[in-house]
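Participant: Quick one, fold the following:
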Amino acid sequence: MSIPQSGGGPIEHHDQLAQYLADGCKPKADWRIGTEHEKFGYCRDTLNPLPFEGERSIEAVLGALRDRHNWTEVREGGKLTGLEKDGANVSLEPGGALELSGAPLETIHETCDEVNQHLREVMDIANEIGVGFIGLGAAPIWTHEEMPLMPKGRYKLMDAYMGKVGTMGRTMMRRTCTVQVNLDFGSEADMVQKMRVAIALQPVATALFANSPFFENKINGHKSWRSRVWRDLDPDRTGMIPFIFDEGFGFEAWVQYALDVPMYFVYRDGKYIDALGMSFRDFLKGKLPALPGETPTLSDWADHLTTAFPEARMKKYIEMRGADGGPWRRLCALPAFWVGLMYDQTALDAAWDLVKGFTADQREALRVAASVDGLQAKVAGINMHDLAREAVAISQAGLEARARPGAGGLVPNETHFLNALHESIETGKVPADELLEHYHGDWNGDISRVFADYSY
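Facilitator: Sure, this is the predicted structure:
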């Protein structure tokens, strides 16, 4: 979940809303990669989720990261709830999952080094205090009642609202984890093409990274239960946003969409003010019931943009949001997949050619089928395995064309980060398939074995 935004002055006219997004346009030389990933923490002896406070807790892990590795603490309500360093931050998901939001970096080599360093730091601390961390799309055995809600004002408000819309909002908050990548655009036209490719191919990412076949100690019938959860959360702010394929889509169209997303909060003086279900349009007119007579700042607008949760999201950059949390090597494969598709124009054009004929119904059906069947999904003549094969090949070509070397020049490009995906294409199996094979095989139906075999 996003942290409060800052630095924006008063909104004095409507054009500032679209201009805020347009200000994200950057020359290609300045495009960066921001990788985010979440993981569940638990006590190794009991397999119970980590509480916020105590000897073995989220707070203990954050405190040790601060003290040993020179992170600057972030507090809310006097409690340690996050860390910052060198453009990156460590934050808490509502149910206590630990998230790294990486710094904007130039290459996959750098972002993977950042992920590796973070996980090494976390695991050194975790091993000392008897804690484990695991990358999965959904909590495999825990119930809602077992998951603590972290002491952040945003989460308290969201938790109350989620109980009134959809059926799975609180499940999403406490018991799902993702890995995502944030990418730049060069112009409005570039943003439009990237957003369309991002949405159309998000089901491929869901299928390739599907890693949540277990929930509440049972097989749930889906390769990605996390994706299933997101389909019944809050229709006002989730989904495949078909309007982005309309003629004339651009920054202003996104503004109109975001203005129709009901508000969660306004952040003032370190506190979250309840604006649940209220209208940002009313806020612009000084008619917000939560703050009568007050008009918003650009920081309020930036905060509000973080409360829309479609499969790909635009802020001053584009977030790819369709993948389950997963094993260590796939944390680098996800940004590699999207950078290969998005940061070389020939690859981006090829990706658009691959999906431009899909209808809105097909895109939605692919999303649903990906969550259930992974690479085995088939929709209206579209074979997910074949679609994924073509997408990964385009990504490979894009990374080859980027030709960004690593390891002091010894590695010529970033293509090796796709190796895990090539294996899935070759075998037809994604992480969820591997977990199910263990469940039906050497685990003898004991889902708790996932912790011993798949923790970081």
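
Participant: From now on I want contacts and neighbour counts done on CA atoms only, so please keep to that.
Facilitator: Fine.

Participant: can I assume residue 75 is in contact with residue 81?
Facilitator: Yes: assessed by C-alpha atoms under 8 Å, residue 75 is found in contact with residue 81 at 5.4 Å.

Participant: more neighbours, these two?
Facilitator: Per other C-alpha atoms under 10 Å, whichever of residue 75 and residue 81 has more neighbours is residue 81, with 23 against 13.

Participant: My reading is that that one lies in a helix. Confirm?
Facilitator: No: judged by DSSP: H, G, I helix; E, B strand; the rest coil, residue 81 forms no part of a helix; its state is strand.

Participant: Pretty sure it sits against residue 72.
Facilitator: No: contact criterion C-alpha under 8 Å: residue 81 and residue 72 do not qualify, at 11.2 Å.

Participant: overlap in contacts of the two?
Facilitator: Here residue 81 and residue 72 share no contacting residue, scored by C-alpha atoms under 8 Å, 6 or more residues apart in numbering.

Participant: ok, residue 373 - contacts?
Facilitator: So residue 373 contacts 207, 222, 223 (C-alpha under 8 Å, 6+ apart).

Participant: That one sits in which helix or strand?
Facilitator: Counting by DSSP states H and E, the element that carries residue 373 is helix 360-373.

Participant: still on that earlier bit, joint contacts of residue 75 and residue 81?
Facilitator: By C-alpha under 8 Å, 6+ apart, no residue touches both residue 75 and residue 81.

Participant: can you give me the mean pLDDT across whichever strand in the chain runs longest?
Facilitator: In terms of residue count, the longest strand belonging to the chain (DSSP state E) is strand 33-43. In this model, strand 33-43 carries a mean pLDDT of 98.

Participant: cool, and stretch 333-341?
Facilitator: On average, stretch 333-341 scores 98.

Participant: Can I get that stretch in CSV, CA atoms only?
Facilitator: What follows is stretch 333-341, C-alpha atoms only, in CSV (Å, rounded to 0.1, in the frame of the first residue of the first chain):
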residue,chain,number,x,y,z
ALA,A,333,11.6,-12.0,-13.6
LEU,A,334,8.6,-9.8,-13.2
PRO,A,335,10.3,-6.4,-13.9
ALA,A,336,12.4,-8.1,-16.6
PHE,A,337,9.2,-9.3,-18.3
TRP,A,338,7.6,-5.8,-18.4
VAL,A,339,10.8,-3.9,-19.1
GLY,A,340,11.4,-6.1,-22.1
LEU,A,341,7.9,-5.4,-23.4
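
Participant: show me where the stretch 251-400 of the chain has helices.
Facilitator: Taking DSSP state H, counting those that start in this stretch to define them, one finds helices in the stretch 251-400 of the chain at 251-259, 280-284, 298-305, 330-342, 345-355, 360-373, 384-402.

Participant: Okay, buried residues for stretch 330-339 please.
Facilitator: Buried positions in stretch 330-339, judged by neighbour count with 16 or more other C-alpha atoms under 10 Å: 330, 331, 332, 333, 334, 335, 336, 337, 338, 339.

Participant: How about the first one: what's its closest non-neighbour residue?
Facilitator: Spelled out, it's residue 330. residue 420 (6.7 Å; C-alpha to C-alpha, 6 or more residues apart in numbering).

Participant: ok now do that neighbour, which residues does it touch?
Facilitator: 329, 330, 333 are the contacts of residue 420 under C-alpha under 8 Å, 6+ apart.

Participant: Which strand or helix spans it?
Facilitator: helix 419-427.

Participant: Give the next helix or strand downstream of that helix.
Facilitator: Next along from helix 419-427, by DSSP H and E: helix 431-440.
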